[in-house]
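**Student:** Fold the following.
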Amino acid sequence: MDITSLFSVNSADLVETASLATSKIENPRKTEEDETGFGYLLDTAIKNFNLTNAYLSDKEDMELKWAMGEVDNPHDLTIALSKASQALSYTTAIRDRLLEAYREIMQMQI
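**Tutor:** The predicted structure follows:
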């Protein structure tokens with residue numbers, strides 16, 4: 001095991017790790033309600049959108065680096081393009097399903 005990465009560890013990292021460990025001990029499992037509620041669904045969707053945005057940003061950066069000749073390995077460009085494409089397709093599919101569900105709810109008779 002290479003221990004050179006341990007030289008950059010500071011006390012803030014240790015405090016954060018300790019607090020995470022303590023919170024997992026105090027609350028080892030989330031309740032089923034936490035994972036099925038609307039808030040959880042919304043948080044997951046926001047994380048998905050942010051991840052997709054990050055992949056698209058990485059793709060644009062790699063395209064610019066490729067155009068300027070800064071990329072040594074064209075495989076990195078291909079990976080960035082593939083990740084962005086898949087993430088965008090997934091996000092678009094989720095958006096379409098959410099809009100379909102919203103329209104169905106709006107057409108319900110009370």
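**Student:** Now do the longest helix along the chain: which elements does it pack against?
**Tutor:** As assigned by DSSP state H, the longest helix anywhere in the chain is helix 74-106. In terms of contacts (3 or more C-beta pairs under 8 Å, 6 or more residues apart in numbering; DSSP states H and E), helix 74-106 is packed against helix 38-68. Bear in mind the C-beta positions are built from the backbone N, C-alpha and C, glycine included.
**Student:** Low-confidence ranges, the protein, go.
**Tutor:** Across the chain, the ranges flagged by pLDDT under 70 are 1-35.
**Student:** Give the buried residues for stretch 38-57.
**Tutor:** 52, 55, 56 (16 or more other C-beta atoms under 10 Å).
**Student:** Quick check, the second one in contact with residue 90.
**Tutor:** Okay, so that is residue 55. No. Applying C-beta atoms under 8 Å, one finds residue 55 not in contact with residue 90, separated by 10.2 Å.
**Student:** Give me the contacts around stretch 73-91.
**Tutor:** For stretch 73-91, contacts defined as C-beta atoms under 8 Å, 6 or more residues apart in numbering pick out 48-49, 51-52, 55-56, 58-59, 61-63, 66, 71.
**Student:** repeat that with 6 Å
**Tutor:** By C-beta atoms under 6 Å, 6 or more residues apart in numbering, the surrounding residues in contact with stretch 73-91 are 52, 55, 56, 58, 59, 62, 66, 71.
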